[in-house]
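Q: how would this look folded up:
(chains A and B)
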Amino acid sequence: QKEVEQDPGPLSVPEGAIVSLNCTYSNSAFQYFMWYRQYSRKGPELLMYTYSSGNKEDGRFTAQVDKSSKYISLFIRDSQPSDSATYLCAMRVPNTGKLIFGQGTTLQVKP
Amino acid sequence: GAGVSQSPRYKVAKRGQDVALRCDPISGHVSLFWYQQALGQGPEFLTYFQNEAQLDKSGLPSDRFFAERPEGSVSTLKIQRTQQEDSAVYLCASSLASGNTEAFFGQGTRLTVV
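A: Residues are numbered from 1 along each chain as shown, chains lettered A, B, ... in the order given. Predicted structure coming up:
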């Protein structure tokens, strides 16, 4: 079993829909949780990060962390075709800068 | 430039050939990371530098892989005697410090071993 599990999709939604992306993890020591967006043939770019449990909102994006369930989510409101990309969850290994990534979920938002 | 720069963007190597992949991090960034991303997978950690010191190389898959950052800036990932299973995108990332959560990634080098 991988340390971080993420459904690869693909996920296809109509423009304007609310998108929910999720990851589970096994290491209870993780404290920093990140979401990266990766467009085709590009490097990942950081969307949001959250420390410990709770919610964080940035525009159309909301990140949630539930440490008791070892479950993190990213919600995208009013999804746009430009949101079509692969979304990677990542967790920082404690006391290092090393990141453990999920497999990535491919999202397509249709106009 | 303003971001992390990697070269070449694409590399085709014959099996058994040696390759060298270059990473120019953001100026002033202390930490530098290399990741390997296979098709349809998330990036996997290879190695980490703090300035010129290689602090963690636990992710390097074999002794054919070698990384260096001699002056604490530009880094090179070298793969000797390439094999088909080495085909992947190699990503470099840098951050201001090891504890900084924001790592900036380059666009990667896509290596194809034929």
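Q: with adjacent residues omitted, what lies nearest to residue A:31?
A: residue A:52 (5.7 Å; CB to CB, 6 or more residues apart in numbering or on different chains). The way it works is simple: take the backbone N, C-alpha and C, and place the C-beta from them, glycine included.
Q: what's near enough to touch the one you found?
A: Contacts for residue A:52 (CB atoms under 8 Å, 6 or more residues apart in numbering or on different chains) come out as A:31, A:65, A:67.
Q: what does residue A:27 give?
A: With CB under 8 Å, 6+ apart, residue A:27 has these contacts: A:3, A:91, A:100.
Q: look up how far residue A:100 lies from it.
A: 8 Å (CB to CB, to the nearest Å).
Q: which residues do these two both contact?
A: A:3, A:91.
Q: and the residue positioned nearest the centre of chain B, what does it touch?
A: With distances taken as CA atoms, centre = their mean, residue B:34 lies nearest the centre of chain B, 3.5 Å away. If you count contacts by CB under 8 Å, 6+ apart, residue B:34 has them with B:23, B:45-48, B:67, B:75, B:77, B:90-92.
Q: just the pLDDT at it, thanks.
A: Note for residue B:34: predicted pLDDT of 98.
Q: can you show me the strands along chain A?
A: For chain A, the strands defined by DSSP state E occupy A:4-6, A:11-14, A:19-25, A:32-38, A:45-51, A:54-58, A:61-66, A:71-76, A:85-92, A:99-101, A:105-110.
Q: can you put the ones you listed in CSV and add mean neighbour count and distance to residue B:85?
A: As requested, the strands of chain A are exported to CSV (neighbours: other CB atoms under 10 Å in any protein chain shown; distance: least, CB to CB, whole Å):
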stretch, mean neighbour count, distance to residue B:85
strand A:4-6, 20, 22
strand A:11-14, 13, 29
strand A:19-25, 19, 26
strand A:32-38, 22, 22
strand A:45-51, 16, 28
strand A:54-58, 12, 38
strand A:61-66, 18, 34
strand A:71-76, 20, 31
strand A:85-92, 24, 22
strand A:99-101, 23, 19
strand A:105-110, 17, 23
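Q: phi first, then psi, for residue B:70.
A: With angles defined as degrees, to the nearest 10, residue B:70 sits at phi -60, psi -30.
Q: ok, back up a step: which ones among the contacts of residue B:34 come in contact with chain A?
A: B:45, B:48, B:91 (CB under 8 Å from any CB of the partner chain).
Q: sitting in strands, which of those do you find?
A: B:45, B:48, B:91.
Q: run a quick neighbour tally on the first one.
A: Residue B:45 is flanked by 22 other residues according to other CB atoms under 10 Å in any protein chain shown.
Q: what sits against it?
A: A:98-100, B:33-35, B:58-59.
Q: residue B:85 in helix, strand or coil?
A: helix (DSSP: H, G, I helix; E, B strand; the rest coil).
Q: how close does it get to residue B:57?
A: 19 Å.
Q: what does residue A:43 give?
A: For residue A:43 relative to residue B:57 (CB to CB), the value is 21 Å.
Q: looking only at neighbour counts, state which of those two leads.
A: Legend: neighbour count by other CB under 10 Å for residue A:43 and residue B:57, higher for residue A:43 (22 against 15).
Q: quickly list what the closest residue to that one other than its chain neighbours is bridged to.
A: Spatial nearest neighbour of residue A:43, chain neighbours left out: residue B:105 (3.5 Å); criterion: CB to CB, 6+ apart. Using DSSP bridges, the bridge partners assigned to residue B:105 are residue B:93.
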